[in-house]
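[1] build me a model:
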Amino acid sequence: MKSNVPKHTALSAAVALALVGLAAAPTLAQAQGVNKNCPEEAVFFNPSRGEDIIVPKGFKIEPFITGLNFPTDIAFVGNKNNFKVYVLESGTGLPGKCNNRVGYGGDATGFGPNNPFTPDILVFNDDGHRIGGPIGKPTGPGNGFQADGPAIGLAFANDFQGGTLYATDSNQGVRGAPGQGNNTSRVVRVDLGSNSVSTVIRGLPTGDHPTEQILVKDGWLYWSQGSATNSGVTGHDNGGGGNQHEIACQQITLSMNTWRAVSDGHVSTGYSNHGFPRPGATIPPFEGATSHGMCTGAILRAKISDPQHTIEPVAWGFRNPYGIRFSPADHPLKGQLMYSENGEDERGARPTNNAPDRLGVARQNPDGSPEWHGWPDRFGFLDATQSVFNPKGSPADDDPSLANQPVKPVLAFFPQQPKAPLALEPADVAAVGLDFAPDSFTGGVVKKNAVLVSREGDFGFSQANGTPEEGHDVQLVNFTKLDDPSELQLSRFAFNCQQAEQNRDTGDGLPRCNGESEQAFAAKLRGINRPTTIRFGPDGAAYLVDYGAVRDPGGSDPASRFNNPANAPLVQIPGTGVIWKITRVGGDRDHDDDD
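    I've put the predicted structure just below:
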C-alpha cells in the first residue's frame, strides 16, 4: 500500500519562510496565513492533502506546491517524463491599505528580495520542488517586473517546447490599488538566462482590469485586455475617480445619460474621464490610447516581428475577458479562440447586480474589423436595462439612489450587431482561466473535447449567487456534439466540501455536497480559495493556480469579511497560494483512495 503523503510535495518550510516570513503549521489548530501589514486579518490556511475538495470518481486532486504569494499563471517546458514548471506570482493585485509593498515586514523601500507584494517567477521540477527563481523580482525602480503589479499572464512561444517566455504586468493593481497610474500595462519578454525582464509592448491601458492572459500563435501575440471600469463609467472605485476611462475599439456615440456621484456631485458619462461628462458625444476609436490599436474590454493581438506598431483588436465589447485559449483543430470549435469573461459588480458609478459571467468565442469579422460582444449595454447578450440587473443599494455604490432602478445605457446605439456568448455563468463566479482537456484526461464525466474552467469566486460586494454558492471551484464544460459547438453541458467538477459531507455515489457521476460549499479559509477547510487559472501540463494533469485567501466586504459570506473596517475593501494574505494537481486515475477511484 502506498503512503498517504503525496509524491508532489510542497515548498519546504525554509523556502516558505524565506518568501513570506512564515511557514505552514503542521496541524489544523495552528495553521494560519498572516498579512504583516494587518495581522488582525490572519486566516486559516492548511491545504493538507486537499481532503475537503470533492472531485468525480476516477480523478484525484492534491497540492503540488504551497506557500506561494498570489500566483496567477503557470507555464511548462519539457515532456511528460521530465518537465519544469514556471509559476508567476503577481505581487500587489487588489486595493486596500494592507496590500502595500512599501514597509512590509520592515522593507522600507518595498524592493526587498523576499517582499511578497512584488511580482516574480519561481521555477519547480515535476515533483513540485523549487529549483530556480525568483526571476524578474524588482530590486529597484525600472528593473524586473513593475513593482506594484499585478503580473498576470505567462506563456512560452512554443508551449511545452519552450522558446521565448512572455508575460504581462502592470503598475497599478486592479480596482485602483496603489500604483503609479494609467497606461502602465505591458507585454514583456523574460530572459531566463539573465533573469531579466524587457518590454515588448508598453503603454497598454490599466484600470479596473489590466492586461491579463497571453498566448502565442502563428507569429502573433494574443492577450486579453480588461475593461478600465466596472461597468463603462469611471467612478470613485477607479482610483478615487482618477483612473483612465474606457477606450473604444471602434467609433461609438454616447447616450444622453449621465451618472452623478452623491459624495461630491461629480457627473460622468461612459468612455470619459471622471467628472467630465460628454452626453451625446461621438467618440473615435482608440481615444486616449498610447498606440494605435489599443482599447479596453477587448482581445488584442500584435505581430511578434513588430509588436508595438501592429496592435489590433480581434474582438471587443467585453467587461473583463480573462481566460483565452485556442481550441484544437479537431475540436467542435475548430481551432477558434475561446474566452471566459467576468460579469459586472455592484459598485461604482454604474452599479449592477446579478450580471452573469460568460463563455464564448472571439473572432475578427471577415473584413478584418473586430467583432463586438455587446458590453457595456449587453451583459452576456441580455439588455442592461432588464430589472434583474437593478442594483440593490450596496455601500460601494457612488449613488445610493440608483438602488432598484434600471441600469441606464451608455451608448446611443450599437456600433454593430453584437455576438452572443456560447454560455452564461452564474453571477459573481468570476470565470477566469480555461483549458482544453487532452484525451488522456477523458473518462467518466469528462468527455472528449471537454474544457475545464477555473472560477475564482466573488469578492463579497453582493449577496451569494445561490445555495450552494458557486465559485471558488473548477467547472467542467462538455461539448456534446462534434458538429454543434453551441451545445454544451456545464457542471461543477472540483469544489470544496467538508470531507464528511462528500457524496460521489450519484447517478450521473458528478460529485455532490451534502452541506455548504465555501472557500477554504472562510469555512476552515483543507481546500481551494481563489483559483485564477488552470493549465494542462505535459503529463496530462490539470494544474489549478490558486491565488490564495482574500478578505472582502463579506456580502456573500460573513466569514470572509475583513476584521477591521479600516482595511476595506480587500485584504491579500501572503503565503496562502497553492498549485493544485488534478489527475485522471482511472476506474472509480477518488482522491482519498490509495493502493
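
[2] low-scoring pLDDT stretches of the stretch 451-595 of the chain, where are they?
    Under the criterion of pLDDT under 70, the regions of the stretch 451-595 of the chain flagged as low confidence span 587-595.

[3] now with 90?
    Residues of the stretch 451-595 of the chain meeting the criterion pLDDT under 90: 459-469, 480-487, 504-509, 515-516, 555-557, 586-595.

[4] ditto for the chain
    Per-residue confidence of the chain (counting by pLDDT under 90) places the weak regions at 1-31, 141-142, 172-181, 239, 459-469, 480-487, 504-509, 515-516, 555-557, 586-595.

[5] how about the helices in the stretch 51-200 of the chain?
    With DSSP state H, counting those that start in this stretch as the definition, the stretch 51-200 of the chain shows no helices.

[6] same check on the chain?
    Along the chain, the stretches classed as helices by DSSP state H are 13-20, 520-523.

[7] buried set for the shortest one?
    This points to helix 520-523. 520-523 (16 or more other CB atoms under 10 Å). For every residue, glycine as well, the C-beta is placed using N, CA and C.

[8] which residues are contacting that helix?
    Under the contact criterion CB atoms under 8 Å, 6 or more residues apart in numbering, helix 520-523 has outside partners 33, 43-45, 47, 52, 472, 496, 498, 516, 526-529, 549, 557, 559-560, 573, 576.

[9] one more: stretch 498-512?
    Among residues not part of stretch 498-512, those counted as contacts by CB under 8 Å, 6+ apart are 51-52, 54-57, 444-445, 491-493, 495, 497, 513-516, 523, 525, 590, 592.

[10] so how far is residue 431 from the residue nearest to residue 432 when sequence neighbours are not counted?
    Excluding its sequence neighbours, the residue lying closest to residue 432 (CB to CB, 6 or more residues apart in numbering) is residue 322, at 4.6 Å. Between residue 322 and residue 431 the distance is 8 Å, computed by CB to CB, to the nearest Å.

[11] quick check: neighbours shared by those two?
    Taking CB under 8 Å, 6+ apart as the contact rule, the neighbours common to residue 322 and residue 431 are 340-342.

[12] so which of those residues wins on neighbours?
    Neighbour counts for the shared contacts of residue 322 and residue 431 were taken using other CB atoms under 10 Å; the highest belongs to residue 340, which has 33 neighbours.

[13] who's that one bridged to?
    Using DSSP bridges, the beta-bridge partners of residue 340 come out as residue 359.

[14] make 30 the first number, not 1, from now on.
    Right, with 30 as the first residue, what we last looked at is residue 369.

[15] ok, residue 137 touching residue 144?
    No. Applying CB atoms under 8 Å, one finds residue 137 not in contact with residue 144, separated by 10.8 Å.

[16] with neighbour numbers in mind, choose between those two.
    Counting neighbours by other CB under 10 Å for residue 137 and for residue 144 shows that residue 144 has the greater number, 27 against 9.

[17] so for stretch 242-256, what gets flagged as buried?
    When burial is assessed from 16+ other CB under 10 Å, stretch 242-256 yields the following buried residues: 242-245, 249-256.

[18] ok, which pair from those is furthest apart?
    Looking at the buried residues of stretch 242-256 by CB to CB, the two members farthest from one another are 245 and 256, with 23.9 Å of separation.

[19] shouldn't residue 367 be in contact with residue 463?
    Yes. A contact is recorded between residue 367 and residue 463 when judged using CB under 8 Å, the distance being 6.4 Å.

[20] now do the shared contacts for the two.
    When contacts are counted by CB under 8 Å, 6+ apart, residue 367 and residue 463 are jointly contacted by 352, 354, 388, 480.

[21] take those and lay them out in CSV including distance to residue 452 and neighbour count.
    Listed next are the shared contacts of residue 367 and residue 463 as CSV, based on distance: CB to CB, whole Å; neighbours: other CB atoms under 10 Å:
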residue, distance to residue 452, neighbour count
352, 13, 24
354, 15, 20
388, 5, 23
480, 10, 25
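
[22] which of the residues you listed sits closest to residue 346?
    Proximity of the shared contacts of residue 367 and residue 463 to residue 346 (CB to CB) peaks at residue 388, which lies at 15.1 Å.

[23] identify the residues contacting that closest one.
    Going by CB under 8 Å, 6+ apart, residue 388 touches 367-370, 450-452, 454, 460, 463, 482, 506, 517.

[24] and with 6 Å instead?
    If a contact means CB atoms under 6 Å, 6 or more residues apart in numbering, then residue 388 has 369, 450-452 as its contacts.

[25] do you know how far residue 546 is from residue 381?
    Counting by CB to CB, the gap from residue 546 to residue 381 is 25 Å.

[26] same question for residue 474.
    For residue 474, the distance to residue 381 equals 33 Å [CB to CB].

[27] who's more crowded, these two?
    Neighbours were tallied for residue 474 and for residue 381 using other CB under 10 Å; the higher tally belongs to residue 381 (26 against 21).

[28] could you find the closest non-adjacent residue to that one?
    Leaving aside its sequence neighbours, residue 381 is closest to residue 373 (4.3 Å, by CB to CB, 6+ apart).

[29] tell me who's in contact with the one you found.
    259-260, 348, 381, 384 are the contacts of residue 373 under CB under 6 Å, 6+ apart.

[30] which of those fall in strands?
    With strands identified by DSSP state E, none of the entries of these belong to them.

[31] highest neighbour count among those?
    Neighbours here are counted as other CB under 10 Å. On that basis the top member of the contacts of residue 373 is residue 260, with 32 neighbours.

[32] spatially nearest residue to that one (excluding sequence neighbours)?
    The spatial neighbour of residue 260 that comes closest, neighbours along the chain excluded (CB to CB, 6+ apart), is residue 379 at 4.0 Å.

[33] quick one, what contacts the one you found?
    Listed by CB under 6 Å, 6+ apart, the contact set of residue 379 reads 260-262, 288.

[34] and those residues, which is closest to residue 122?
    Distance ranking of the contacts of residue 379 against residue 122, using CB to CB, places residue 260 first at 20.3 Å.

[35] tell me who's in contact with that closest one.
    Contacts of residue 260 were listed using CB under 6 Å, 6+ apart, and they are 373, 379, 381, 405.

[36] how about a cut-off of 7 Å?
    Contact analysis of residue 260 by CB atoms under 7 Å, 6 or more residues apart in numbering lists 373, 377, 379, 381, 405.

[37] buried members of the contacts of helix 549-552 into ChimeraX, please.
    Entered in ChimeraX, the line below selects the buried ones among the contacts of helix 549-552, by 16+ other CB under 10 Å:
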select :62,72,73,74,76,81,501,525,527,545,555,556,557,558,578,586,589,602,605
